[in-house]
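using only what follows, build the 3D model:
(chains A and B)
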Amino acid sequence: DQQVKQNSPSLSVQEGRISILNCDYTNSMFDYFLWYKKYPAEGPTFLISISSIKDKNEDGRFTVFLNKSAKHLSLHIVPSQPGDSAVYFCAATDEKLTFGTGTRLTIIP
Amino acid sequence: DTAVSQTPKYLVTQMGNDKSIKCEQNLGHDTMYWYKQDSKKFLKIMFSYNNKELIINETVPNRFSPKSPDKAHLNLHINSLELGDSAVYFCASSPTDRGWTGELFFGEGSRLTVL
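Numbers count the residues shown, from 1 in each chain, chains lettered A, B, ... in the order given. Here you go, the predicted model:
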């Protein structure tokens, strides 16, 4: 039973354009939603989070949007840069952190 | 100075062997975790320890035994290794406060290959 889903395994975006990564969840009891970034041969690193009582959180080039009625969140990266190429994991907390399966983002120079 | 460090980074072994992976964090966190990333890249929690006490055990076979000698260390011992144990194992830590927002600090991972 996968409570956090990322339906796009990969995404390619031109440098300078907007990258939009999507995530769906099923558990309405999740408190916080997070995005993690992972480079090859490294552990995931925290990128940005949002509380379940908010609908938007912005940090520099990164913005996370939460639509609770649709049980959907998205990560917007603008402008996209080559260093953003990585695997992005969506995650959500109740008593523990549950991860989605990841989306590989490739930024094309 | 690495915040969460795991050893070894790579481990290749035969079926039936016993192996251990060590993890140490110098962040002063109270809670440590083991996650498994399988061949489908799915990151799944295995165990969580808070101040040396087990608080999460996610239906992991009892061939896997975590041990926390102190709150800065969480080791993973695996008995009678099977082919399906091949994966990348990530150690992580977090502060334990009310209002924890889900941020974990991960190690670099330990890739286990069982032949």
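
in chain B, what residue lies closest to chain A?
Among all residues of chain B, B:Phe106 sits closest to chain A, at 3.0 Å; criterion: CB to the nearest CB. In this view, the C-beta of every residue, glycine as well, is placed from N, C-alpha and C.

the most centrally placed residue in chain B pairs with what?
The centroid of chain B falls nearest to B:Trp34 when counting by CA atoms, centre = their mean (2.7 Å). Beta-bridge pairing of B:Trp34 under DSSP bridges involves B:Phe47, B:Cys91.

I'd say it and B:Ala87 touch.
No: contact criterion CB atoms under 8 Å: B:Trp34 and B:Ala87 do not qualify, at 10.9 Å.

just to revisit the earlier point, I figured the residue of chain B closest to chain A hits A:Thr45, correct?
Yes: contact criterion CB under 8 Å: B:Phe106 and A:Thr45 qualify, at 7.0 Å.

go through the helix or strand bottoming out on mean pLDDT in chain B and flag the buried ones.
In chain B, the helix or strand scored least confidently by mean pLDDT, DSSP states H and E is strand B:53-57, which has a mean of 84. Residues of strand B:53-57 classed as buried: B:Ile56 (neighbour count, 16 or more other CB atoms under 10 Å in any protein chain shown).

same for it, what does it pack against?
strand B:43-50 (3 or more CB pairs under 8 Å, 6 or more residues apart in numbering or on different chains; DSSP states H and E).

could you pull out the strands for chain B?
B:4-7, B:10-13, B:19-25, B:31-37, B:43-50, B:53-57, B:64-70, B:73-78, B:87-94, B:105-106, B:110-114 (DSSP state E).

who are the contact partners of the closest residue to B:Ile55 other than its chain neighbours?
Closest residue to B:Ile55 apart from its sequence neighbours, by CB to CB, 6 or more residues apart in numbering or on different chains: B:Ser48 at 5.1 Å. Going by CB atoms under 8 Å, 6 or more residues apart in numbering or on different chains, B:Ser48 touches A:Lys96, B:Thr31, B:Met32, B:Tyr33, B:Leu54, B:Ile55, B:Ile56.

next one: B:Ile78
B:Asp18, B:Lys19, B:Ser20, B:Ile21, B:Arg63, B:Phe64, B:Ser65, B:Asp85, B:Leu112.

got those as CSV, with distance to chain A and pLDDT columns?
Output for the contacts of B:Ile78, formatted as CSV (distance: CB to the nearest CB, whole Å; pLDDT from 0 to 100):
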residue, distance to chain A, pLDDT
B:Asp18, 25, 97
B:Lys19, 20, 97
B:Ser20, 19, 97
B:Ile21, 13, 98
B:Arg63, 22, 95
B:Phe64, 17, 94
B:Ser65, 20, 92
B:Asp85, 19, 95
B:Leu112, 14, 97
